[in-house]
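**Q** predicted model and sequence follow; I will ask about them next.
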Protein chains: 4
Amino acid sequence: MSTEPAVKPLKVALFGSGRIGQVHARNIAAHPDLELAWIADPFIEGARKLAAGTGAVAVESADEVFANGDLDAVVIGSPTNTHVELIARAMAQGVAALCEKPIDLDIDRALACRDAIRGNNTPLMLGFNRRFDPNFAAIQSRVAGGEIGRLEQLTIISRDPAPAPAAYIATSGGIFRDMSIHDLDMARFFVPDIIEVSATGTNVFCDYIEEAGDFDSVVITLRGSEGELVTITNSRHSAYGYDQRLEAFGSEGMLNAGNVSPTTVRKYGATGTEEADAYLPFFLERYAEAYRNELDSFAKAIRSGTACSPGFDDGLQALALANAAEESARSGRAVKIGQP
Amino acid sequence: MSTEPAVKPLKVALFGSGRIGQVHARNIAAHPDLELAWIADPFIEGARKLAAGTGAVAVESADEVFANGDLDAVVIGSPTNTHVELIARAMAQGVAALCEKPIDLDIDRALACRDAIRGNNTPLMLGFNRRFDPNFAAIQSRVAGGEIGRLEQLTIISRDPAPAPAAYIATSGGIFRDMSIHDLDMARFFVPDIIEVSATGTNVFCDYIEEAGDFDSVVITLRGSEGELVTITNSRHSAYGYDQRLEAFGSEGMLNAGNVSPTTVRKYGATGTEEADAYLPFFLERYAEAYRNELDSFAKAIRSGTACSPGFDDGLQALALANAAEESARSGRAVKIGQP
Amino acid sequence: MSTEPAVKPLKVALFGSGRIGQVHARNIAAHPDLELAWIADPFIEGARKLAAGTGAVAVESADEVFANGDLDAVVIGSPTNTHVELIARAMAQGVAALCEKPIDLDIDRALACRDAIRGNNTPLMLGFNRRFDPNFAAIQSRVAGGEIGRLEQLTIISRDPAPAPAAYIATSGGIFRDMSIHDLDMARFFVPDIIEVSATGTNVFCDYIEEAGDFDSVVITLRGSEGELVTITNSRHSAYGYDQRLEAFGSEGMLNAGNVSPTTVRKYGATGTEEADAYLPFFLERYAEAYRNELDSFAKAIRSGTACSPGFDDGLQALALANAAEESARSGRAVKIGQP
Amino acid sequence: MSTEPAVKPLKVALFGSGRIGQVHARNIAAHPDLELAWIADPFIEGARKLAAGTGAVAVESADEVFANGDLDAVVIGSPTNTHVELIARAMAQGVAALCEKPIDLDIDRALACRDAIRGNNTPLMLGFNRRFDPNFAAIQSRVAGGEIGRLEQLTIISRDPAPAPAAYIATSGGIFRDMSIHDLDMARFFVPDIIEVSATGTNVFCDYIEEAGDFDSVVITLRGSEGELVTITNSRHSAYGYDQRLEAFGSEGMLNAGNVSPTTVRKYGATGTEEADAYLPFFLERYAEAYRNELDSFAKAIRSGTACSPGFDDGLQALALANAAEESARSGRAVKIGQP
């Protein structure tokens, strides 16, 4: 992470003061090249409380944010249905944007947004934070460097500690668009060109997910254009905490990354040995460093004028794959992927 | 393993003196309750060479074996197309049989065999040796004992060190019936009632497999009647040796088993740390103990009069799943499983 | 670590702008309850350079620091022979102090300092940072909580990546006072009352250490008043990086902590498997979190008025143990420990 | 292990039908080049029971054994005080011998035995079985092959699961001669020339060991002639089972070997993760393979006429080190080692 302060930090506005907004607020405030200037949330109390600890100004509306002539960048952590409008406004005004995934639950709205910003070169990054996890990033970099030869199979296991409440599930867009989308993007981090999607979903533990017409457990198989096979295994719960693992199998070897324990301590007793700590509980802890690295990458892209990665198109592709997975799970047929 | 010798060991004939026959010959000879009396192989030189070290009599034909009135059991390790006939002869004569998988590459021949032996209670075991691997057996037993609650997801990774030669591939029956069948049986060891199969196959590294119309890499997804999801990932090669892992995810925890190293030694150097040995190279080494345990289970079933497990029907079911996987990989559709 | 900013941060002066001073400077600047107000170093260029990035004022002498009436605390990272005087001045002025180890290489000077500050309750912490390492701290806390019953044996392995240059070795005070002292304090973190010390030293790889009359490799055995046995194994080099491990063996179990890898990635190849990353190279990386935690503990002790731990007496005890170890290594006799 | 049967197996007599005798009986019976012909034990019921399962003849006295003209080898697993006489008789008669450690608890008797057999080239092996443990043997071989450069430090941790009963302790010769002797030989496996011994002993958990004037916990430090440092940590109990580990630190890297679990299974739950099985409980399980390898090495040495290793002198040296360790622990002084 950059440690040398720039002459004048970039002025940033944050949309959303919820759980993810709080992560971004802390990281923006701590970043030497970013200044958290505004926090916008219609729930103004949340914005005010978060602003108090960071020196930012709390505002209610996007209008108040975009009215500032010296705004350099926005970080969009507000509800999903506000994303496309905020992206479009930022791009129109030449303000860099880092937007949480997904672009939108409705691919048509996402495509319309793409049309609206076509040709605009203002930096725009999609918040697939896991690409910045040091473990997964190291594997991706080593695979890209040829360390295991040609990539042939990728195995992703991704389980949340517990399902979101029923109210959230109802508007989440379903497990594929809400949860698997992170893993679909991770698949594309290694295998950018996916040509076919198959998926199977079941309901094994959560009644209210089933009642909402959604699955609580799914398996997705992707085929890459070079014959790569990717499997994603998801569950909405995990008794042993957040389970986030990845394994890259190549023609000349294999690399994998396990879960993260808070310490290296192991316990030895009469009934079990080498017992490690409980894993980090959920994404705020597991991906704390990833969020910091993501923000740093965003800041550097703005400063250097290079393209943000992952970008808008990556968000679109992940959404298209999530839709295809849903279609496959419903129809029992493999779904071919074209250009969204 | 049983260590107390029975008053009079069971007289066993072995069919086949090839690689797998040699494993069985050694284990039968070392088992306190079994006597290796005959080794049958039309390639009589092989039978003779193997017999020399074990005290058995080498014969050319099955007729010579079955002519012995005091024959107690046969172990069938001869080519696949001889299995159904040898099973039928053994059963007809009331001689216990342990037959290597698969029953036959042709399910119709396997079904005909089932009809031929219907109602016969002579012990008949199918050689799915992996069920007797101490690691997988321990997981299955602990899952069955409720240690991780209800089983929800099973992840099987199974990769051979290198593909069989082109000549073998041509008559192997294809990756699903030749290789995946072991993993399909392992899936049924945990989830006996599979109701749907999806599979995807690709060709990423081996021209002669592709030319034979077969896949070198496949992923199979199974759905159990209770909503369990099973994924099987297969490759015909692996740069780091035989890769045989399994992970059982339940409502209350997870159990998995990694590969087996010859020692517990770890190496620490400037560029890498905690480096373990190369894995055991292939099935003869990896499953040496499983083959011994399997034979011991067979001997005990004969002595106790209890049913062999896995039995003939398990062989039939695994074959049906392999056929369904092939159909799914060819058609791009999930295949429902009924009663074979 | 505390994240809520105090109304008015404590004003801190840092002595020393070298390697360890830079660590403290960064941590003080980042701590919400501390303000890095002055950096003092006779090598004023170093102080200025470090101050530039932190907003502190660079000064040459201690006099300039202690002349400030609103000074709340000092962090002493200057050369060892300045420690006792700076401690005494801070205490005399009622300014809290965090002093790097050792108090002094000469125990008589350290004892004289103790006499000089006797009865002074101003917070005074000794910089045995390893007590704040999350791994070792977790073990100590679990042992103290009774998780492994009564502590019986403690095994500490501590190896530096490479020896310091000859010039440093000459004035270091020797391996026991310079390097082992950290491990001796770690021993006392678990077994505060040590009653006997034995040590053996050898020279196996470094000529200039031998020429300086010092050892490059030592083993120390400590006996606690309750019969606990502690072994410390030290080497001035390690081909696989900084090696810092600890194992606590108790009547009811064992807890240990291994080294720290930057990621959880493992590599699998034909000649080796499960290979982890190279370890973090040296103390700046390995104990980065420990230094932050140490500073936070110091800040909290000042705020709460509770005693600092480890304190001055811990520094004295560690020095006495180092002296006893040297005496034992030279004489071949176990040395009894009384009150220093 | 050798699998090809020799034309005519070597006829072996076993002395002792106790726990260790039973291990040897089973291994001799299973070895293709050895025939267990006689089992001698004054407690004839033990000998008979053991003989029943192996086809050997049970006899009461050594005279009956040595009266057999076709005796090729003896394995001595009888009480320690019978060792020197049985060794001497075997050597005098030109019968190869494998003798359990120690040669004798009294070094003068051991030295007298050495004088008695001086110049006799009949194969004579000392039963330091751990040299044949696949894990430790692999490290020794890799160290000898230069894989970690020059060996500088060796760390041995060795803990029994529970102390022997009081009656056994009383006649055991004390922890150094009874238990540490194995570790002292292991030290010599890596560092044959030890020049100095220091030891510290304590009593922390077992009253009857203390009452017998023995220690229940000891630490031994050895210095090799090339400056190598060896530490041995022993305890007479271990809540997590038999603890047998070794770590070889060299100028260019490190190799270590951990304990052995029965399977590779790991468990993941809410309070702990990656939990391995309980370790193998004690030496019969942990060193089962070592005992087989040891016997095979003995058989091969007889056949090939090469010297047995470890030999009589290794037994003598280990005993001398044990005596030196006891002396050091009692006197608080390092003890120099000369030629015994």
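**A** Perfect, thanks for sending it.

**Q** hang on, residue A:123 packs against residue A:94?
**A** No. Counting by CB atoms under 8 Å, residue A:123 stays clear of residue A:94, with 9.8 Å between them. Using the backbone N, CA and C atoms, a C-beta is placed for each residue, glycine as well.

**Q** between these two, who's got more neighbours?
**A** Using other CB atoms under 10 Å in any protein chain shown, the more surrounded residue of residue A:123 and residue A:94 is residue A:123, with 25 against 12.

**Q** which non-adjacent residue is nearest the more buried one?
**A** residue A:96 (3.9 Å; CB to CB, 6 or more residues apart in numbering or on different chains).

**Q** residues contacting residue A:30?
**A** Residues in contact with residue A:30 (CB atoms under 8 Å, 6 or more residues apart in numbering or on different chains) are A:292, C:30.

**Q** next to chain B, which bits of the stretch 1-150 of chain A? Give me the list.
**A** A:148-150 (CB under 8 Å from any CB of the partner chain).

**Q** report how many residues lie close to the nearest residue to residue A:256 once chain neighbours are set aside.
**A** Nearest non-adjacent residue to residue A:256, counting by CB to CB, 6+ apart: residue A:247, 3.8 Å away. By the criterion of other CB under 10 Å, residue A:247 has 21 neighbours.

**Q** who does residue A:247 form a beta bridge with?
**A** Per DSSP bridges, the residues bridged to residue A:247 are residue A:155, residue A:256.

**Q** in terms of secondary structure, what does the helix or strand of chain A with the lowest mean pLDDT contact?
**A** Least confident helix or strand, chain A: helix A:166-171 with a mean of 92, by mean pLDDT, DSSP states H and E. Contact partners of helix A:166-171 among helices and strands, from 3 or more CB pairs under 8 Å, 6 or more residues apart in numbering or on different chains; DSSP states H and E: helix A:207-211.

**Q** so does the helix it packs on get close to chain B?
**A** No. Helix A:207-211 lies out of reach of chain B by CB under 8 Å from any CB, never closer than 9.9 Å.

**Q** following element in sequence after that helix, please.
**A** As assigned by DSSP states H and E, the chain's next helix or strand after helix A:207-211 is strand A:217-224.

**Q** next SSE downstream of that following strand?
**A** That would be, after strand A:217-224 and using DSSP H and E, strand A:229-235.

**Q** paired strands for that following strand, with orientation please.
**A** strand A:151-159 (parallel), strand A:217-224 (antiparallel).

**Q** mind checking pLDDT for the residue in the stretch 51-200 of chain A that chain D sits nearest to?
**A** Going by CB to the nearest CB, chain D is nearest to residue A:161 of the stretch 51-200 of chain A, at 9.3 Å. On pLDDT, residue A:161 comes in at 97.

**Q** so the helix or strand harbouring residue A:187 versus strand A:151-159, what angle?
**A** Using DSSP H and E, residue A:187 maps to helix A:181-190. Counting by axes from the mean of the first three to the mean of the last three CA atoms, to 10 degrees, helix A:181-190 points 160 degrees away from the direction of strand A:151-159.

**Q** quick one: the next helix or strand along the chain from helix A:181-190 to chain centroid distance?
**A** As assigned by DSSP H and E, the chain's next helix or strand after helix A:181-190 is strand A:194-202. In terms of CA atoms, centre = their mean, to the nearest Å, the centre of strand A:194-202 is found 20 Å from the chain centre.

**Q** can you check stretch A:109-128 too?
**A** Relative to the centre of its chain, stretch A:109-128 is centred 16 Å away, using CA atoms, centre = their mean.

**Q** ok, and the most crowded of the residues of the stretch 1-150 of chain A next to chain B?
**A** residue A:148 (23 neighbours).

**Q** that one - that's part of a helix, no?
**A** No. Counting by DSSP: H, G, I helix; E, B strand; the rest coil, one finds residue A:148 to be coil, located in no helix.

**Q** surely it meets residue A:249?
**A** Yes. At 7.4 Å, residue A:148 counts as touching residue A:249 under the criterion of CB under 8 Å.

**Q** pull out the buried residues from stretch A:249-260.
**A** A:249-250, A:253-260 (16 or more other CB atoms under 10 Å in any protein chain shown).

**Q** so which residues on chain A come close to chain C?
**A** When proximity is defined by CB under 8 Å from any CB, chain A lies next to chain C at A:3-5, A:30, A:53, A:134-135, A:138-139, A:142, A:147, A:252-260, A:262-270, A:277.

**Q** any chance you could map the helices in chain A?
**A** Secondary structure of chain A (DSSP state H): helices at A:19-30, A:44-52, A:62-66, A:83-93, A:107-117, A:134-144, A:166-171, A:175, A:181-190, A:207-211, A:283-286, A:288-304, A:312-331.

**Q** could you check the angle helix A:312-331 makes with the fifth one?
**A** Taking the same axes, to 10 degrees, one finds that helix A:107-117 is oriented at 160 degrees with respect to helix A:312-331.

**Q** packing partners of helix A:107-117?
**A** So helix A:107-117, by 3+ CB pairs under 8 Å, 6+ apart, packs with helix A:83-93, helix A:312-331.

**Q** tell me the mean pLDDT for the longest one?
**A** The average of the pLDDT scores along helix A:312-331 is 97.

**Q** which strands or helices does it pack on?
**A** In this structure, helix A:312-331 makes packing contacts with helix A:107-117, strand A:124-127, helix A:181-190, strand A:194-202, strand A:217-224, strand A:335-336, judged by 3+ CB pairs under 8 Å, 6+ apart.

**Q** likewise the shortest one?
**A** Using 3+ CB pairs under 8 Å, 6+ apart, the elements in contact with helix A:83-93 are helix A:62-66, strand A:73-76, strand A:96-100, helix A:107-117, strand A:124-127.

**Q** what is the burial count for residue A:24?
**A** Residue A:24: 26 surrounding residues under other CB under 10 Å.

**Q** hmm, I typed the wrong one, I wanted residue A:282.
**A** Neighbours of residue A:282 under the rule other CB under 10 Å: 15.

**Q** before we move on, what about residue A:57?
**A** Counted by other CB under 10 Å, the residues lying close to residue A:57 total 17.
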